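Undergrad: Got a predicted structure here, sequence first:
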Amino acid sequence: MCDTCGCSDHTGVRITDDTRTVVLEQDILAKNDQLAEHNRGHLRAQDVFAVNLMSSPGAGKTTLVERTISGVDLPFAVVEGDQETLLDAERIKATGAPVVQINTGAGCHLDASMLHRALHELSPARGSVLFVENVGNLVCPALFDLGEAARVVILSVTEGPGKPLKYPHMFSATDLVLLNKIDLLPYVDFDVDEFARDTYRVNPEARILQISATRGDGLEAWYSWLRTHSALPMPGT
Amino acid sequence: MHEMSITQSVVEAIAGKLGDAKVTSVRLEIGRLSGVVPDSVRFCFDVLCAGTTLEGARLDIDEPPGRARCRDCGAEFGADDFILLCPCSSANVEVLGGRELRIRSVEVA
């Protein structure tokens, strides 16, 4: 851990004499949130636009990242999160983009300290887009701020209906929803309008783009979102 | 099972604050809209406290209810379901309470 990110914790400790109760009043995620802010400051100083990509396993995160790296004329760097293996990192390496794999072992999500260590190893180039591919899971990653500038949730049409209502934390905390594998819509029972209604019920501000990462449908809108948002001044700059 | 790492954060934060003091009870606040399941935290707590200064400590959890305000009609309403819909059927609401995730206090021997 570097010198600048030791968590200085300002919560006061008060001992009330007779009961021996120590009042802490401390956010449980304080340590993670402090590290996330540290990451955010570091990324901002380097003009790196970090995107936290979250989805179920198999929704198409890695395919989307591969396709985007070759489709958009921006420098990219990637952090891959999986419980085990280097399989995804090897796929990204083949695109030529710098990549670091985090294996969480039993862990079901990335947290700010994992990203912090990965950033030291990766050192993304100034002005690049950093994709942080979270562990495939629609539950736990929603709760952990990594220090990203934007959150993107990917859902594939093969996963079936009702996901925004079943996993409201994930869908309510996202800036953009990518509905992937739309080339398979003729073969599955998935109602796009119903999905949009469900998404807006938990996140009235969400933007939804329909894409097929393998066939290329809708990717120009995603690329355009990425170009626009990575060029915006980040809050606090 | 993010409750395992949440609970680990609790144990580490308390041990870090209180050093060698023997902790006999812990009071947490886990709001109904926080996305954290109190029963899972209870399960993890006993496991993670073993061998620490918190071993055997009682765990009390306050669960403040969800409260929200509608940005369209201004009404305030209770919302323990994460699908926050105002009785006027607007989804444009602001959460006022229920997302708490705090260590309130501990008792030491």
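TA: Cool, the structure landed. Keep in mind that what you see is a predicted model, and the values were worked out from it rather than measured.
Undergrad: Please make it C-alpha for all contacts and neighbour counts, starting now.
TA: OK.
Undergrad: Might one say that residue A:168 is in contact with residue B:82?
TA: Yes: contact criterion C-alpha atoms under 8 Å: residue A:168 and residue B:82 qualify, at 6.6 Å.
Undergrad: which one of the two has more residues nearby?
TA: Between residue A:168 and residue B:82, counted using other C-alpha atoms under 10 Å in any protein chain shown, the more crowded position is residue A:168 (24 against 20).
Undergrad: can you list contacts of stretch A:153-161?
TA: A:53-56, A:59-61, A:170-171, A:174, A:176-182, A:184-185, A:188-191, A:194-195 (C-alpha atoms under 8 Å, 6 or more residues apart in numbering or on different chains).
Undergrad: I'd like to know which of those residues are buried.
TA: A:53-56, A:59-61, A:170-171, A:174, A:176-182, A:190, A:195 (16 or more other C-alpha atoms under 10 Å in any protein chain shown).
Undergrad: Which ones among those lie within strands?
TA: The strands, defined by DSSP state E, take in A:53-55, A:176-180 from the buried ones among the contacts of stretch A:153-161.
Undergrad: Nearest to residue B:22 among these?
TA: For those, the minimum distance to residue B:22 (C-alpha to C-alpha) is 40.2 Å, reached by residue A:54.
Undergrad: Return the distance of the closest residue to that closest one other than its chain neighbours relative to residue B:95.
TA: Take residue A:54 and drop its neighbours on the chain: the residue closest to it by C-alpha to C-alpha, 6 or more residues apart in numbering or on different chains is residue A:153, 4.9 Å away. Distance of residue A:153 to residue B:95, given as C-alpha to C-alpha, to the nearest Å: 22 Å.
Undergrad: and if you look at residue A:91?
TA: Taken as C-alpha to C-alpha, the span from residue A:91 to residue B:95 is 41 Å.
Undergrad: same thing with residue A:25?
TA: 21 Å.
Undergrad: Residue A:203 and residue A:172 touch, don't they?
TA: Yes: counting by C-alpha under 8 Å, residue A:172 is a contact partner of residue A:203 at 4.7 Å.
Undergrad: Of those two, which one has the most company?
TA: residue A:203 (24 against 21).
Undergrad: What are the neighbouring residues in contact with that one?
TA: A:171-173.
Undergrad: Which one's more surrounded, residue A:153 and residue B:95?
TA: Neighbour count, other C-alpha under 10 Å: between residue A:153 and residue B:95, residue A:153 has more, with 23 against 17.
Undergrad: per-residue confidence for that one?
TA: Residue A:153 is assigned 98 on the pLDDT scale.
Undergrad: mind checking which helix or strand it is in?
TA: strand A:150-156 (DSSP states H and E).
Undergrad: Next secondary structure element downstream of that strand?
TA: According to DSSP H and E, the helix or strand after strand A:150-156 is helix A:163-166.
Undergrad: is the most centrally placed residue in chain B in a bridge, and if so with what?
TA: What sits nearest the mean C-alpha location of chain B, by C-alpha atoms, centre = their mean, is residue B:30, with 1.7 Å. Counting by DSSP bridges, residue B:30 forms beta bridges with residue B:101.
Undergrad: right, and it touches residue B:66 too?
TA: No: counting by C-alpha under 8 Å, residue B:30 does not reach residue B:66; the two are 10.8 Å apart.
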